[in-house]
Each structure stands twice: as C-alpha cells, then as structure tokens.
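> Fold the following.
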Amino acid sequence: MLQNGKLAQFLADDVRQRLFDIEDETPCIAKLKDGLMTLGIHQLCMELPTMQYLFQPNTSSALTINKLKSLLTPTFIETGTNSRRFEGEIFALFLKYLREVSSGRRGNITLNDILQFVTGAEDEPVLGFRITPSVEFVEMTQSYLPTANTCINRLTLPRPTIEQQLLPTRQMYDLYDLAFSNRFFGNV
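Below you'll find the model as predicted:
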C-alpha cells in the first residue's frame, strides 16, 4: 500500500469500522492494527478519517473495457504509410478482442488478465502507473503471438506486412487467448 500497491478493499464495513475503533481489541483486529501501525497507515487514518474510505469495497475500481483502452496507449507511426494501415488493422482487431473478453465470450480470460500480462499488475494502482502502459506494433516475423515487457509496461502486437497477411479472426483470438491466459509477464 505504501508503494502504490493494491489496497485492502475487501474489508467489510463493520471490520473497517472496528479496525479504526480504539476500543476494539479482538485478537484478529489487534494483529491487523499492529501491522498497519508498523507502517504508519493506522495513525494516518486516525488523523485523517477520510483515508479510512480507501479500505472500503469500491466497484468503481473494477477494470472496464473503457478504462483498459484508455490505459493502453498505442504508439502509431505517421499516417499515410502501409505500416500505419497495418497497425490500424491489428489494433482494431485487438479492440474487438477486448470487447469479446469484456462480454465473457473468451472463456476464463478477463480484462485483468490482459492488464497483468502487460504490466504485472491485475489492477491499476491507486496513484496510477508510474510508466504509462502502451501498445507497440512490430512487423510479424514468426508469429502473431503478442508479447509484453512489464518493466516498461508495453504490449507488443505483431502486425501484418505486405508479404504476410493477417490470420483469420478466430485464429488471432486463439493466439491472444493463449498469450493472455499465461501469467508469465509477457512470455509464453
């Protein structure tokens, strides 16, 4: 939590209230308080009570397709080239794939799986990513399988070329499923 990590938003309201109640000393709550006191978080939440609401369940923190699309910034080359046309084609296919995932039509793959593949984090940190996640396009050489570099939060999507045409949509989606179902930080 101190280093912009995941917050404990799984605490029920009554547990959260007991955690910041000075008189509640049940063993479980006491241990949790001790841990938060060690980090100074408990004291901060006592001084600034509005901070306590960071611990309540928050449905707005759920990853949506629009949030993921705004997080993954594509890096296109200049307009008017064949390469740019191919980049647009593969990015449009990727956006359609995201819609399939968000509607639950790609099996167990979730938008969080895609974000974790790109960044190593299932959710966007409270303060945002220090390095903005991006999408880079490269010429397809061996496979259309996407890769990622979690150190710089970059998803690499192979794009078609004049010599190498795009695979049918179903095959592309299967390759994306394979990549995003593996949580090996961008390596399949």
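
> As a check, name the ranges of all helices in this structure.
For the chain, the helices defined by DSSP state H occupy 13-19, 27-39, 41-47, 65-71, 82-102, 111-119, 169-180.

> any idea how far Glu136 lies from Ser70?
According to Cβ to Cβ, to the nearest Å, Glu136 and Ser70 sit 17 Å apart. Using the backbone N, CA and C atoms, a C-beta is placed for each residue, glycine as well.

> Of the two, give the one with the bigger neighbour count.
Glu136 (17 against 10; other Cβ atoms under 10 Å).

> Confidence-wise, which helix or strand of this structure is lowest on average?
helix 13-19 (a mean of 78; mean pLDDT, DSSP states H and E).

> From the centroid of this protein, which residue is nearest?
The residue lying closest to the centre of the chain (Cα atoms, centre = their mean) is Leu115, at 2.8 Å.

> For that residue, give me its contacts.
Applying Cβ atoms under 8 Å, 6 or more residues apart in numbering to Leu115 gives the contacts Leu63, Leu68, Leu71, Ala121, Glu122, Asp123, Glu124, Pro133.

> How about Pro74?
Pro74 makes contacts with Glu87, Phe91, Ser134, Val135, Phe137, as judged by Cβ under 8 Å, 6+ apart.

> Distance-wise, check the spatially closest residue to the fourth one that is not a sequence neighbour relative to Phe55.
Think Val135. Counting by Cβ to Cβ, 6 or more residues apart in numbering, Val135 lies nearest to Pro74, which is 4.3 Å off, once chain neighbours are set aside. For Pro74, the distance to Phe55 (Cβ to Cβ) stands at 35 Å.
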